[in-house]
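>>> With the input below, show me the fold.
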Amino acid sequence: GDDIHMALEGQFGGSVDRWMAFGVPPNPDTITMLGADVTVVGFVAGTPYAHDYYISTRSQCDYAQLGVTGGACPDSFFGPDNANLTFGEQVDGVDYVQFSRPMIS
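Predicted coordinates:
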C-alpha cells in the first residue's frame, strides 16, 4: 500500500528521555484529538523510536479499562503498530526523527 513519510524535529532543554507527536483530528470540523490515531516519536537513553497511539479519552492509558475509558494507548496493545522508524538522530540538543506509516491504517 501507499505510505506517508514524515519527520519531526524539536529542541529540548536538559531532558534525556523526550517525545513529540503528530496526528490529525478525526473530524476536520473540530480541534479535538479524541478518536485520533497519532504517531509518537522520541528518544529513550539516546535510542530513537516511533509508535502509533490511539486517543480515546483525555487521560493516560488505563490498560485495565481498555475499550471503556482507554486513554492515549499504544496501538501495539490492540494490534499492529503501523509506525515505522526510518531514521533518528540527536545533534546539538535537537532531536530529529523520520518515520513512515500507511496512508490508511
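>>> Just the pLDDT at residue 50, thanks.
Looking at residue 50, its pLDDT reads 96.
>>> Now for it, how many residues are close by?
By the criterion of other Cβ atoms under 10 Å, residue 50 has 23 neighbours. For glycine as for every other residue, the C-beta is placed from the backbone atoms N, C-alpha and C.
>>> tell me which element the residue nearest in space to the middle of the chain falls in.
Nearest to the centroid of the C-alpha atoms of the chain, with distances taken as Cα atoms, centre = their mean, sits residue 40, at 1.8 Å. Taking DSSP states H and E as the criterion, residue 40 maps to strand 37-44.
>>> and that strand, what other elements does it pack with?
For strand 37-44, the packing partners by 3 or more Cβ pairs under 8 Å, 6 or more residues apart in numbering; DSSP states H and E come out as strand 18-23, strand 47-55, strand 84-91, strand 94-102.
>>> who's in contact with residue 3?
Neighbouring residues of residue 3 by Cβ atoms under 8 Å, 6 or more residues apart in numbering: 84, 100-103.
>>> Give me the buried subset of the residues you listed.
residue 101 (16 or more other Cβ atoms under 10 Å).
>>> Show me which of the contacts of residue 3 is closest to residue 73.
Each of the contacts of residue 3 was checked against residue 73 using Cβ to Cβ; the closest is residue 101, at 16.7 Å.
>>> so that closest one makes contact with residue 85?
No - checked against Cβ atoms under 8 Å, the pair residue 101 and residue 85 is beyond contact range at 10.4 Å.
>>> re the thing from before, from the contacts of residue 3, which single one is nearest residue 29?
Lowest distance from residue 29 to the contacts of residue 3 (Cβ to Cβ) belongs to residue 103, with 21.3 Å.
>>> now the closest one, nearest residue through space, not along the chain?
In space, and not counting its chain neighbours, residue 103 is closest to residue 2: 4.7 Å by Cβ to Cβ, 6 or more residues apart in numbering.
>>> go on, residue 90?
Leaving out its chain neighbours, the residue that sits closest to residue 90 by Cβ to Cβ, 6+ apart is residue 43, at 6.2 Å.
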